[in-house]
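Peer 1: Sequence and computational prediction follow.
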Amino acid sequence: MRGHLVQRYEGSWSIVLDLGYQPDPVTGVTKRRQKWITFRGTKREAETRLTELVRDTHRGELVMPHKQTLGAWLDEWLEKAIKPPARTLRAYETYKSVIAKHLKPRLGGIPLQQLKAADLKAYYTEAAAREKEPLAPATLEPHHTILHSALQAAVLEGLVQRNVAKLVVGKPHAAEGHQDARTHCWEAHEAKAFLVAAKAAGARPAASYTLALDTGARKGDLCGLLWPDVDLAAGRVTFQRQLL
């Protein structure tokens, strides 16, 4: 593939990439394809950019300029990659809430191709330090996960050259050790006392809460059980759906 420059006016150039002859997807007629890209700067800078674009094309890494914002991409990615049946409804609703409530208001207006690791780092720092409703690292960690996944998808779609979320130094992490969870865990005698009360309340609470404690199943898993999922003879319960 080759390319050349066309000067539009002082300090403005059109970089013309010759993509060769390719069949029209509608008519099937082979036509010469070119891509025109506006560049502002000196002729030497334009020549350097042309060289980079030709190199990227030969490597299969060409990313064409566009004006899509991070917010618009997050919305598109959410519907394409997360919306059921791709992921669970719970995951979709959680991602949608984080994107709408946190990510888009603070980062959504940044053009996708201009987003920097420093922008993400500044967002995490500001969210953790603000006076009203600061976000803990355990809360911000899923925010980073969403951004990382969405930006990786943008790389695969050819919208950006690299995933800047990978470059963030000091990513938010939940504290190790799960001390808060341990603080709220029952001791054996407390669980036993609870089950006594559950059994006294009736067969349904007894079965539900005993199964919950024995298996660690979540409420949606327990409420999604049907009789065919229960094998009394084998003492086996199969969780294969959730009640939403």
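Peer 2: Nice, thanks for sending it over.

Peer 1: Going by neighbour count, list what's buried in stretch 215-231.
Peer 2: For stretch 215-231, the neighbour count (16 or more other Cβ atoms under 10 Å) marks 217, 221-222, 224-225 as buried. Using the backbone N, CA and C atoms, a C-beta is placed for each residue, glycine as well.

Peer 1: what does the average pLDDT come to for the helix or strand that contains Val155?
Peer 2: Per DSSP states H and E: Val155 is located in helix 137-156. Mean pLDDT, helix 137-156: 93.

Peer 1: cool, stretch 15-30 as well?
Peer 2: The pLDDT scores in stretch 15-30 average 76.

Peer 1: what does that stretch contact?
Peer 2: With contacts defined as Cβ atoms under 8 Å, 6 or more residues apart in numbering, stretch 15-30 is touched by 1-6, 31-39, 46, 49-50, 53-54, 57.

Peer 1: redo that, cut-off 10 Å
Peer 2: By Cβ atoms under 10 Å, 6 or more residues apart in numbering, the surrounding residues in contact with stretch 15-30 are 1-6, 31-39, 46-47, 49-50, 52-54, 57, 62, 64-65.

Peer 1: Please report how far Ala72 lies from Ser14.
Peer 2: 26 Å (Cβ to Cβ, to the nearest Å).

Peer 1: re earlier: flag every buried residue along the helix holding Val155.
Peer 2: In helix 137-156, counting by 16+ other Cβ under 10 Å, buried: 140, 143-144, 146-155.

Peer 1: Check stretch 27-41 too.
Peer 2: Under the neighbour-count criterion of 16+ other Cβ under 10 Å, stretch 27-41 has 35, 37, 39 buried.

Peer 1: Likewise for stretch 106-117?
Peer 2: So for stretch 106-117, counting by 16+ other Cβ under 10 Å, buried means 107-108, 112-113, 115.

Peer 1: before we move on, what about stretch 87-96?
Peer 2: Judged by neighbour count (16+ other Cβ under 10 Å), stretch 87-96 contains these buried residues: 92, 95-96.

Peer 1: How about stretch 183-196?
Peer 2: Neighbour-count burial for stretch 183-196 [16+ other Cβ under 10 Å]: Leu195.

Peer 1: ditto for stretch 76-90
Peer 2: 76-78, 82.

Peer 1: Can you flag which of these belong to helices?
Peer 2: 76-77 (DSSP state H).

Peer 1: Please name the residues that touch the residue lying farthest from the centre of the chain.
Peer 2: Each residue of the chain has a distance to the centre, and by Cα atoms, centre = their mean the biggest one is for Ala200: 46.0 Å. Contacts for Ala200 (Cβ under 10 Å, 6+ apart) come out as Ala206.

Peer 1: can you tell me the helix or strand for it?
Peer 2: For Ala200, the host element (DSSP H and E) is helix 188-201.

Peer 1: For Thr69, give me its contacts.
Peer 2: Contacts of Thr69 (Cβ under 10 Å, 6+ apart): 75, 104, 107-115.

Peer 1: Would you reformat those residues as TSV and include secondary structure and distance to Leu159?
Peer 2: Below are the contacts of Thr69 laid out as TSV (DSSP: H, G, I helix; E, B strand; the rest coil; distance: Cβ to Cβ, whole Å):
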residue	secondary structure	distance to Leu159
Asp75	helix	14
Lys104	helix	17
Leu107	helix	16
Gly108	coil	15
Gly109	coil	17
Ile110	coil	13
Pro111	strand	11
Leu112	helix	6
Gln113	helix	7
Gln114	helix	12
Leu115	coil	11
